[in-house]
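> Okay, here's the prediction I keep looking at, along with the sequence it came from:
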Amino acid sequence: MIVNLEDLRRHARRRLPRAIFDFVDGGAEDEYTLRANRLSFEKYAFRARALVDVSQCDQSTTLLGKQLSTPVLLAPAGLTGLVAPRGEVLAARAAANKGTLFTLSTMSVCSIEEVGAAVPGSSLWFQLYVWKDRGITRALMERAKAAGYHALCLTVDVPAMGRRERDSRNGFTVPPRITLFNLLDALMHLRWGLWMLSAPRPTFGNFVGTGKVEKEDAISVASFTNKQFDPSVTWADLEWIRSLWSGPLLLKGISCGEDARLAVQHGVEGLIVSNHGGRQLDFLPAALDLLPEIVDAVEGRAEIIFDGGIRRGSDVVKAIALGARACMVGRPFLYALASQGQAGVELMLDLLRVEIDRTLALIGRPRLSQLDRSALRFEERPRAAEKGLELLAANHMK
Ligand SMILES: Cc1cc2nc3c(=O)[nH]c(=O)nc-3n(C[C@H](O)[C@H](O)[C@H](O)COP(=O)(O)O)c2cc1C
Ligand SMILES: CC(C)CC(=O)C(=O)O
């Protein structure tokens, strides 16, 4: 039975082959940041007001000029189409049906055009990684523009791919290598195996025909991206990106006040405060702990989106109270896709919607605009968090 997002994770764990589940679920190195992302929410409790009319809670909002029915968006996730066939199309449809946005990763299985044709461009953002081959980078932006995507989200926290040790242990490659273990694993996860047989062999769909993926047979994500992504990108390149993209521009992966101020000086419309879900630099602080410094640095000059560890509606309310305008979720929508395809993603968004409404009612602030830091208490000693860290560390050592 599915009553919350953790249930979707459990479902996904049963449904997906080990290497695919670990690719989605895992983080970098010791996974400190991955664990911290969750535990940081325990540092905050609520200050609730009583006897407020909460008969009409309203979580609708606007983001970069677009009306949204909820402040929860779907984060870019490479290889979503490995979790369910045509996974990006299914997730984009779910987001559009629920009045919110889907962000397509540069590293998607379905192409920019396929997703663009499935839903209105107004409910789509495109996430950009800058390739060494600037012709390819330029073409990605032109294709997203031609397909009607509303905003461009440049990810800035991958100058090198984080080391995901679960992927190394599992020998995870794209496309998945056909080995005896992988065949057995697929047989033990027959629904996923049959699903995948119904789709073309998954690869990085935006690069088919460019010669970049055809040559590569079964390569690790880190080897591929370290070969293709440009580690020399600097603030100066933003001007070039700006000259090619006329819509709203956001930077994803900003993690300190200095960079937030620079981003504003460069005229970006939005920032995504994120540590890439703990998949890049291990021992970055929990994403929630990055938020106040960045909100203070931005001083309202750009819209701030938060991601990292959101698993409850109350987490969304806390991030908004700390100054975010909206939140992205990554793994939860991938677990949901693995569990029930498009219907699973819609269910995940519904679960969060109900939890957000209930939290707003219980704290006596029926609208998002009424949320600020006075809605929270900082827990001096988050005892549950300390205990949780000890337990998780103990599990990790087993
Ligand atoms: C499987 C997977 C693939 C991801 N791929 C990308 C990507 O291609 N581009 C990107 O900017 N972020 C990527 N991310 C990071 C997410 O956009 C997001 O920052 C992160 O998942 C948020 O944390 P959460 O999973 O705890 O919600 C990926 C995350 C996961 C789990
Ligand atoms: C396929 C990868 C490059 C996607 C990514 O950014 C990630 O796994 O975090």
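Sure, I can see it. Ligands and ions are numbered 1, 2, ... in the order given.

> Would you map the strands across the stretch 201-350 of the chain?
Assigned by DSSP state E, counting those that start in this stretch, the stretch 201-350 of the chain shows strands spanning 249-254, 270-273, 303-307, 326-329.

> The third one vs strand 249-254, what angle?
Looking back up the chat, that one is strand 303-307. Angle, strand 303-307 to strand 249-254, by axes from the mean of the first three to the mean of the last three Cα atoms, to 10 degrees: 40 degrees.

> List the contacts of strand 303-307.
Residues from elsewhere that reach strand 303-307, judged by Cβ atoms under 8 Å, 6 or more residues apart in numbering: 63-64, 73, 75, 250, 269-274, 277, 287-288, 291, 294-295, 298, 319, 322-330. For the C-beta atoms, the positions are set from N, CA and C on the backbone; glycine is no exception.

> got the contact list for His266?
235, 238 are the contacts of His266 under Cβ under 8 Å, 6+ apart.

> residue of the stretch 201-350 of the chain with the smallest distance to ligand 1?
Gly330 (2.1 Å; Cβ to the nearest ligand atom).

> ok, back up a step: tell me which of the strands of the stretch 201-350 of the chain lies nearest to Thr203.
Of all those, the one in closest proximity to Thr203, counting by Cβ to Cβ, is strand 249-254 (23.5 Å).

> The closest one near ligand 1 anywhere?
Yes. Contact between strand 249-254 and ligand 1 is present through Lys252 (criterion: Cβ under 6 Å from any ligand atom).

> quick one: strands adjacent to that strand?
Paired neighbours of strand 249-254 in the sheet (DSSP bridges): strand 151-155 (parallel), strand 270-273 (parallel).

> Could you grab the helix/strand/coil label for the residue in the stretch 51-200 of the chain that ligand 2 sits nearest to?
In the stretch 51-200 of the chain, the residue that lies nearest ligand 2 is Gly78 (2.7 Å; Cβ to the nearest ligand atom). Classification of Gly78 by DSSP: H, G, I helix; E, B strand; the rest coil places it in coil.

> picking up where we left off before, if we compare the strands of the stretch 201-350 of the chain, which one ends up closest to ligand 2?
strand 249-254 (9.9 Å).

> send the alpha carbons of the closest one over as PDB?
Provided in PDB are the C-alpha atoms of strand 249-254 (Å, rounded to 0.1, in the frame of the first residue of the first chain):
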ATOM      1  CA  LEU A 249      17.800  31.500 -17.500                       C
ATOM      2  CA  LEU A 250      18.400  29.700 -14.200                       C
ATOM      3  CA  LEU A 251      21.600  28.400 -12.600                       C
ATOM      4  CA  LYS A 252      21.300  25.000 -10.900                       C
ATOM      5  CA  GLY A 253      23.800  24.000  -8.200                       C
ATOM      6  CA  ILE A 254      24.600  27.300  -6.500                       C
END
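
> picking that back up, who's in contact with the closest residue to the residue of the stretch 201-350 of the chain closest to ligand 1 other than its chain neighbours?
Excluding the flanking residues, the one nearest Gly330 by Cβ to Cβ, 6 or more residues apart in numbering is Ala75, at 4.0 Å. By Cβ under 8 Å, 6+ apart, Ala75 lies in contact with 103, 277, 307, 328-330, 333.

> Around the residue of the stretch 151-300 of the chain found nearest ligand 2, how many other residues sit close by?
In the stretch 151-300 of the chain, the residue that lies nearest ligand 2 is Arg279 (4.3 Å; Cβ to the nearest ligand atom). Taking other Cβ atoms under 10 Å as the neighbour definition, Arg279 ends up with a count of 22.

> That one against Gly26, yeah?
Yes. Assessed by Cβ atoms under 8 Å, Arg279 is found in contact with Gly26 at 7.4 Å.

> what touches both of the two?
Shared contacts of Arg279 and Gly26 (Cβ under 8 Å, 6+ apart): 34, 164.

> Contact partners for the residue sitting furthest away from the middle of the chain?
Distance from the C-alpha centroid of the chain, by Cα atoms, centre = their mean, peaks at Leu51 (36.6 Å). By Cβ under 8 Å, 6+ apart, the contact set of Leu51 is Gly364.

> near ligand 2, which residues of the stretch 1-150 of the chain?
78-79, 107.

> repeat that for 5 Å
Counting by Cβ under 5 Å from any ligand atom, the stretch 1-150 of the chain comes close to ligand 2 at 78, 107.

> got any ranges where the stretch 1-150 of the chain has weak pLDDT?
For the stretch 1-150 of the chain, no stretch is flagged by pLDDT under 70.

> Contact partners for the residue of the stretch 201-350 of the chain closest to ligand 1?
Per Cβ under 8 Å, 6+ apart, neighbours of Gly330: 75, 77, 277, 307.

> go on, Gln280?
28, 157-158, 161-162, 253.

> The closest residue to it other than its chain neighbours and Ser198, how far apart?
Sequence neighbours aside, Gly162 is the residue nearest to Gln280 in space, at 4.0 Å (criterion: Cβ to Cβ, 6+ apart). Distance, Gly162 to Ser198, by Cβ to Cβ, to the nearest Å: 32 Å.
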